[in-house]
Structure formats: structure tokens, C-alpha cells
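**Student:** structure for the following, please:
(one chain, ligands or ions: 2)
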Amino acid sequence: MNHLEEAAGLLKQGELVAIPTETVYGLAANAFNEEAVLKIYKTKNRPHFNPLIIHSNSVERFEEWGIFLPEFALKLASHFSPGPITFVVPTSNKIPDMVTAGHNSVAIRIPNHPITLELLSMLDFPLAAPSANPSTFVSPTSASHVKQQLGNKIKCILDGGNCEVGIESTILSFLENTPRILRYGGLAKEQIEKILGIKVNVPQVNGDTSKIIAPGMIERHYAPNKKLIISSDFEKEIMNHQRMTIGSISFSTNYKNIDYKNQFILSESGNLDEAARHLFSALRSLNELNIDIILAENFPDEGLGIAINDRLKRASVQ
Ligand code: TXA
Ligand code: MG
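**Tutor:** Ligands and ions are numbered 1, 2, ... in the order given. The predicted structure follows:
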């Protein structure tokens, strides 16, 4: 029996399997099996009010399950799915409340990873899958990240290498007339707007931009266990924290006042896609290092820089 058959067998029995995707690794269960879905919440220690994304390998299969994409969503799916985009659309009575947390909408995604696409084609149910990390911690972008934290709780981790995108999918809601971004992620807003030919709405905020009003958009998230400060003036922060050992996340700059081994330069050539790919593994490594605080730069507010800034902001919430 190969790994995929073993994984499919476990999923059919209501067990959890960690799956690779192009964004981050997911912790998957049969979305039609409430007991299996409950295991996801328990294993991650995830609050029950935070709904899950369901995954399959084609738009047609979602339609068979009574989930239909409106026109804008279909247009985006034809360009970007499989890929790092999630569609929030009206739910179907086939989807348990455990998945949607009782909302009348459901989040669906076609992930772009050959192993997981093959697995999905072997199953006659969608996979509910949040990122495979304990709730509020940094998302995993390799099989070893999953193993470190959840290895003793799950029976099977499919190893699909390092995630190519490295940051979660962009979530768009199609419940209003104009599509609205609920979470910035691996597909840039500019690319979405180019295909649709209109401006999309952005996350609703309540004064404080770290508080996004959408189900489950938890304020503190992606968080290492160390204090993280976002700053556009590293020299000043270094002066202010002279007695502390500093670790850093920068776009392309090397800071001579910070020990090189504690510095994570996400893209020496200044490429935001590459920076996104390296962000979560840098946060994990910084978490393990013998440092007191983490300084992170403000990234350019364009392309995947918007998603990087969003994750850093949440990681900085105390
Ligand atoms: O890239 C990704 O999206 C990864 C991979 C594994 O597919 N998954 C992921 O799942 O990031 P998770 O559970 O960590 O984040 C899903 C987000 C949550 O913030 C949740 O609140 C939101 O999706 N969500 C799920 N269903 C929703 C709904 N019906 N309406 C609004 N937001 C929803
Ligand atoms: Mg997550």
C-alpha cells in the first residue's frame, strides 16, 4: 500500500491526515463526518466558532455537493484554481454545522499540490482542513514543521516538500454584490482585480486594523513565543534594546548591528513572493533561537507584501 492509499484509507475511517498544499500544510478530515471534524478542533485546540475551509479538486465536484460559485467567483476560479484562493459562498445542506460553525456560508478551495490533488480525486467527500498548527501558532510550511508540533497526535503526515507559496490562501467573500477580501494571502489583490476588472472590497476593520470583523479572524495569530516589534527604524530599536539579544526579519537589508546568525533576510533580491515563501520558517527559527526580542520590518504594501504585513501584525499582538 502506498502512502496515498494509506492516507485515503485513514480519511475514510474518520481519522486525521496532514496534507501538503502550495500555501501551508493542512490538517485534514472528511468534511461530511462530524466526529472526524471534531478531532480537528480538538487536535489544534481551535475555538469552535472558527469555521473551516473545505477542499476538493474541481468546481464541478463542489456543485455536485450543492455548492455553487457566483459569476465573479467562477471567473476567478477559471484563472487561479487550483491555487491560493478560497471562496466564501452560500453553503449547502450537505455541509455539517461543525464545518461552517453554524454560518450560512462555506469556504471552499482547490489547493495546487500534485499529491493532495491526487488524494482528493480518490475521495468521494471534501476535506475540511485548517492549517496544521496548534491554534494561534505559526502555520507549517514543511512536513517537519507539522511533525514537531502534531507528530504525536496524528497517524499520517503526507510529505510534499516545502510549500511553494508559504502563506495561507487569500479568502474572498461572494456574499455581497462586490467581492470582499476577508483575509489577505497568497494571491495578490492586484491580480484578482485585474481579472475581474473591478476593485474588490477590503477587510472590514473596527478602528484598530488588527481587529478584522470576519468569523474567526483572530487578533493574535501566527505568533512565536517571543515579543515581536514591527518597526521602520531598526537603528532606533537597537538603541532602545541595548541589553537585549535581538533577532530580526527583514526584506533584503543586512543590519550590521545585529548578529548575522539571528537575522532572517527573506529575499536578498527584494522579491515579495520569495519573502512570503520564507516568512513562516523564519518565525519558527527565531522562536527557537536564544534571543530576547524579534524586530520585523514593514514590508512594501503591495502584492504579497500586504499579506506579509498582516501576518507580522498579528504575530506582534501581545
Ligand atoms: O491556505 C489555506 O487557506 C490553508 C490551507 C490548508 O488550505 N488553510 C487555512 O485554514 O489557512 P485556517 O483554518 O487556518 O483558516 C481559515 C480561515 C479562518 O480564518 C476562518 O475564519 C475563515 O477561513 N473561514 C472559514 N469559513 C468561513 C466562512 N464561512 N466565512 C468567513 N470566513 C471563513
Ligand atoms: Mg490557520
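**Student:** from here on, contacts and neighbour counts on C-alpha atoms
**Tutor:** Noted.
**Student:** now the helices for this protein?
**Tutor:** Listed in chain order, the helices of the chain (DSSP state H) span 3-12, 34-44, 59-64, 71-80, 97-100, 114-121, 143-150, 189-196, 234-240, 272-288, 305-316.
**Student:** roughly how far out does the third one sit from the chain middle?
**Tutor:** Its chain's C-alpha centre and that of helix 59-64 lie 23 Å apart, by CA atoms, centre = their mean, to the nearest Å.
**Student:** kindly report the same for the last one.
**Tutor:** Using CA atoms, centre = their mean, we find the averaged C-alpha position of helix 305-316 to lie 12 Å away from the chain's own average C-alpha position.
**Student:** does any part of that helix sit near ligand 1?
**Tutor:** No - judged by CA under 6 Å from any ligand atom, helix 305-316 stays clear of ligand 1, getting no closer than 11.7 Å.
**Student:** so can I have JSON lines of the helices of the chain showing mean neighbour count?
**Tutor:** Conversion of these to JSON lines gives the following (neighbours: other CA atoms under 10 Å):
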{"stretch": "helix 3-12", "mean neighbour count": "17"}
{"stretch": "helix 34-44", "mean neighbour count": "18"}
{"stretch": "helix 59-64", "mean neighbour count": "15"}
{"stretch": "helix 71-80", "mean neighbour count": "15"}
{"stretch": "helix 97-100", "mean neighbour count": "21"}
{"stretch": "helix 114-121", "mean neighbour count": "17"}
{"stretch": "helix 143-150", "mean neighbour count": "18"}
{"stretch": "helix 189-196", "mean neighbour count": "15"}
{"stretch": "helix 234-240", "mean neighbour count": "13"}
{"stretch": "helix 272-288", "mean neighbour count": "21"}
{"stretch": "helix 305-316", "mean neighbour count": "23"}
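**Student:** redo those as CSV? Include mean pLDDT.
**Tutor:** Below are the helices of the chain laid out as CSV (pLDDT from 0 to 100):
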stretch, mean pLDDT
helix 3-12, 97
helix 34-44, 97
helix 59-64, 98
helix 71-80, 98
helix 97-100, 96
helix 114-121, 98
helix 143-150, 96
helix 189-196, 98
helix 234-240, 92
helix 272-288, 96
helix 305-316, 93
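**Student:** can you put those helices in TSV and add distance to Ile249?
**Tutor:** Below are these laid out as TSV (distance: least, CA to CA, whole Å):
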stretch	distance to Ile249
helix 3-12	36
helix 34-44	27
helix 59-64	38
helix 71-80	30
helix 97-100	35
helix 114-121	31
helix 143-150	19
helix 189-196	24
helix 234-240	11
helix 272-288	7
helix 305-316	10
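**Student:** out of those helices, flag the one nearest Asn50.
**Tutor:** helix 97-100 (8.0 Å; CA to CA).
**Student:** residues in contact with that closest one?
**Tutor:** 31, 34, 37-38, 48, 50-53, 103, 106-107, 128 (CA atoms under 8 Å, 6 or more residues apart in numbering).
**Student:** got it, and stretch 41-53?
**Tutor:** 40, 86, 98-101, 106-109, 128-130, 132-135, 150, 153, 215-217.
**Student:** could you rerun that using 7 Å?
**Tutor:** 99-101, 107-109, 128-130, 133-135, 153, 215-216 (CA atoms under 7 Å, 6 or more residues apart in numbering).
**Student:** I'd like the distance from that stretch to the chain centre, please.
**Tutor:** The answer for stretch 41-53 is 14 Å, by CA atoms, centre = their mean.
**Student:** gap between the two ends of it?
**Tutor:** Taking CA to CA, to the nearest Å, stretch 41-53 runs 13 Å from one end to the other.
**Student:** before we move on, back to that, tell me which two in the contacts of stretch 41-53 are the farthest apart.
**Tutor:** Among the contacts of stretch 41-53, Lys153 and Pro215 lie farthest apart (CA to CA), at 26.6 Å.
**Student:** before we move on, the earlier item: show me how to select, in PyMOL, the buried members of the contacts of stretch 41-53.
**Tutor:** To isolate the buried members of the contacts of stretch 41-53 in PyMOL, using 16 or more other CA atoms under 10 Å:
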select buried, resi 99+100+101+107+108+109+128+129+130+133+134+135
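**Student:** and Arg109, what pLDDT?
**Tutor:** Reported pLDDT at Arg109 in the predicted model: 98.
**Student:** so who does it touch?
**Tutor:** Contacts of Arg109 (CA under 7 Å, 6+ apart): Ile53, Ile54, His55, Ser56, Ile85, Thr86, Phe87.
**Student:** now the last one, which residues is it bridged with?
**Tutor:** Translated: Phe87. Ile108, Leu172 (DSSP bridges).
**Student:** same thing with the second one?
**Tutor:** Going by DSSP bridges, Ile54 is paired in beta bridges with Ile108, Ala128.
**Student:** can you give me the distance of the nearest residue to Val202 once chain neighbours are set aside to Pro51?
**Tutor:** For Val202, ignoring the flanking residues on the chain, the nearest one in space by CA to CA, 6 or more residues apart in numbering is Ile181 at 5.0 Å. Distance from Ile181 to Pro51, counting by CA to CA: 16 Å.
**Student:** what about Asp159, neighbour count?
**Tutor:** 16 (other CA atoms under 10 Å).
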